[in-house]
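[1] Give me the fold of what follows.
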Amino acid sequence: MLMSTGTVHTENVLVLDFGSQYTQLIARRIREFDVYSEIMPFNASLEEIKAFSPKGIVLSGGPSSVYDTEAPRPDPAIFELGIPILGICYGMQIMADMLGGKVAGSQRREYGRAELNVDEAEGLLLGFGKRTQVWMSHGDRIEKMPKGFKVIAHTANAPQAAMYNLKRNMYALQFHPEVVHTEEGEQMLRNFVFQVCDCKPTWRMASFIDWAVNDVRQTVGGSKVISALSGGVDSAVSSLLVHRAVGDKLTCIFVDNGLLRKNEATKVIDTFEKHFHIKLIHIDAQKRFLDKLKGVTDPEKKRKIIGNEFISVFEEEAKKIKGAEFLVQGTLYPDVIESVSFKGPSAVIKSHHNVGGLPEVMKLKLVEPLRELFKDEVRRVGQELGLSEEICWRHPFPGPGLAIRCLGEITDERLGILRDADAIVLEEIKKAGLYREIWQAFAVLLPVRSVGVMGDERTYENVMAFRAVTSVDAMTADWARIPYETLGVISNRVINEIKGINRVVYDISSKPPGTIEWE
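    Model (predicted):
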């Protein structure tokens with residue numbers, strides 16, 4: 001849990017997490033209104049809740065039924081705080097149950113789109129028309145409302161789809177206003193945040209930067225700080241924030257492991273050393289990493305070798321910086337949420353992309369200036385700090401780099417083929433104006449050869465897979481519907497310009513069941 005202090009956190013909305021897949025989305029939506037929002041587990045203590053000083057509380061959805069013996073329940077005292085409360089889906093049901101209403105299983109479950117009939121355009125539905133489309137995800141419904149509540153909307157399967165108690169400032173929706181499928185969901189949340197909670201839009205990135213810089217100065221004092229710079233947006237923005245706070249006390253270490261994209265090392269050096277004048281140590285460790293990876297094809301072994309070698313290289317260099325006591329880490333808010341969420345950490349599908357373990361190995365204290373931010377907010381901070389659009393909006397790139405996109409054995413030759421193919425993919429995606437619409441786009445070199453015909457001659461060369469997905473937070477992702485014309489240009493250029501590839505395939509798998517990366 002984060003403890004919010006300082007003027008940047010004066011208007012707060014708290015989200016209590018009951019396990020919904022949409023919980024993060026609620027906080028994101030509220031922050032998009034320039035109002036600060038944090039997530040706490042449903043069983044947060046009354047003291048923790050009061051310490052946050054919320055102007056409103058949202059009870060999220062969740063997979064449980066309120067009549068289950070182990071049903072998650074918040075501290076009942078929250079209903080006596082006099083703070084406006086909004087219950088969403090399970091949040092509505094637990095509110096009704098704890099305030100004297102009755103919830104039971106529906107004869108017919110309701111999932112997906114539904115038509116909401118507005119009986120009274122009041123409360124969060126103030127100004128709405130007679131009908132609007134919403135997104136349902138529930139198997140229970142309210143059979144008896146708590147005393148003092150008024151029904152203002154229904155669906156075919158939910159007689160009480162929206163209700164409120166004006167006297168107690170409590171509001172409840174059976175559907176999910178935070179998802180895009182609820183057509184007027186944004187306005188419902190706006191009504192709660194601004195009309196009901198009377199919040200002011202004070203959560204702005206310029207204010208956050210001032211607050212974060214001051215916080216880093218107080219934390220670090222006169223000590224030296226080290227940052228592992230990768231060139232990605234998280235490490236770039238966190239390093240720039242810390243540099244603004246401590247200046248030359250910061251030293252960035254950039255380890256070139258030989259698994260970066262085309263011309264990436266040059267771009268990192270030009271940006272941070274020449275443009276921002278940050279003290280930068282560039283370690284060319286390409287041979288060292290590739291020697292360790294020689295003959296290795298198992299993806300988990302690749303990850304562990306790269307992670308361990310990175311720690312070794314970084315530690316060797318960091319030891320040369322006398323007096324360094326702090327390490328900058330680009331931890332984001334979703335990482336913090338995951339560590340305290342009601343659901344607990346997700347099952348391990350594969351080793352995490354980012355290298356971990358440095359603080360334990362090196363006995364350094366952490367500086368995490370981005371731990372309150374979502375990814376889109378990090379990008380906005382980067383822009384405020386003068387970081388180029390190319391870096392601010394750079395697609396996520398895994399810590400092991402091209403090693404997990406070069407399937408099979410890693411060699412200089414195969415990496416060169418993949419780099420050139422990947423460069424064409426990104427160039428054409430940008431040229432088509434699609435780069436900002438896509439969460440991630442990249443090339444994958446498969447350990448497969450196929451027969452082809454080029455210039456009346458038979459070829460037997462590599463296959464490249466092209467992967468592009470759309471997503472909000474990478475928890476789920478869908479394959480991007482890229483125009484055939486763009487796919488055609490990418491395929492033609494890769495096959496004609498890169499010796500070693502004679503076939504291109506497009507990956508149309510979603511997450512789940514597939515992951516975004518191939519390894």
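
[2] check contacts around the spatially closest residue to residue 264 that is not a sequence neighbour.
    Nearest residue to residue 264 in three dimensions, chain neighbours excluded: residue 231, at 5.8 Å (C-beta to C-beta, 6 or more residues apart in numbering). Where you see a C-beta, it was placed from the backbone N, CA and C, and this is true even at glycine. With contacts defined as C-beta atoms under 8 Å, 6 or more residues apart in numbering, residue 231 is in contact with 254, 260, 264, 267, 268, 271, 391, 394, 397.

[3] need those in JSON lines with distance to residue 459 and neighbour count, can you?
    Formatted as JSON lines, these follow (distance: C-beta to C-beta, whole Å; neighbours: other C-beta atoms under 10 Å):
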{"residue": "254", "distance to residue 459": "39", "neighbour count": "23"}
{"residue": "260", "distance to residue 459": "29", "neighbour count": "22"}
{"residue": "264", "distance to residue 459": "30", "neighbour count": "17"}
{"residue": "267", "distance to residue 459": "34", "neighbour count": "17"}
{"residue": "268", "distance to residue 459": "36", "neighbour count": "23"}
{"residue": "271", "distance to residue 459": "40", "neighbour count": "20"}
{"residue": "391", "distance to residue 459": "38", "neighbour count": "20"}
{"residue": "394", "distance to residue 459": "34", "neighbour count": "22"}
{"residue": "397", "distance to residue 459": "31", "neighbour count": "20"}
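
[4] What is the nearest of the residues you listed to residue 114?
    Taking C-beta to C-beta as the measure, residue 114 lies nearest residue 394 of the contacts of residue 231, at 38.6 Å.

[5] from what I can see that closest one touches residue 232, true?
    Yes: between residue 394 and residue 232 there is a contact at 6.5 Å, judged by C-beta atoms under 8 Å.

[6] Closest to residue 168 out of the contacts of residue 231?
    Using C-beta to C-beta, the contacts of residue 231 come closest to residue 168 at residue 394, 47.3 Å.

[7] quick one, phi psi at the closest one?
    phi -60, psi 140 (degrees, to the nearest 10).

[8] so the residue nearest to residue 264 sits in a strand?
    No: note on residue 231: no strand contains this position according to DSSP: H, G, I helix; E, B strand; the rest coil, which reports coil.

[9] Now for residue 336, how many residues are close by?
    For residue 336, the count of nearby residues is 18 (other C-beta atoms under 10 Å).

[10] Please look at it and residue 371 and confirm they touch.
    Yes: using C-beta under 8 Å, residue 336 is in contact with residue 371, at 5.5 Å.

[11] Name the next helix or strand downstream of the helix or strand hosting residue 451, please.
    Per DSSP states H and E: residue 451 is located in strand 440-454. Using DSSP H and E, the helix or strand that follows strand 440-454 towards the C-terminus is strand 457-470.

[12] Next secondary structure after that next one?
    The first helix or strand that comes after strand 457-470 along the chain, using DSSP H and E, is strand 478-479.

[13] Which other helices and strands does that next one contact?
    strand 457-470 (3 or more C-beta pairs under 8 Å, 6 or more residues apart in numbering; DSSP states H and E).

[14] All set, thanks.
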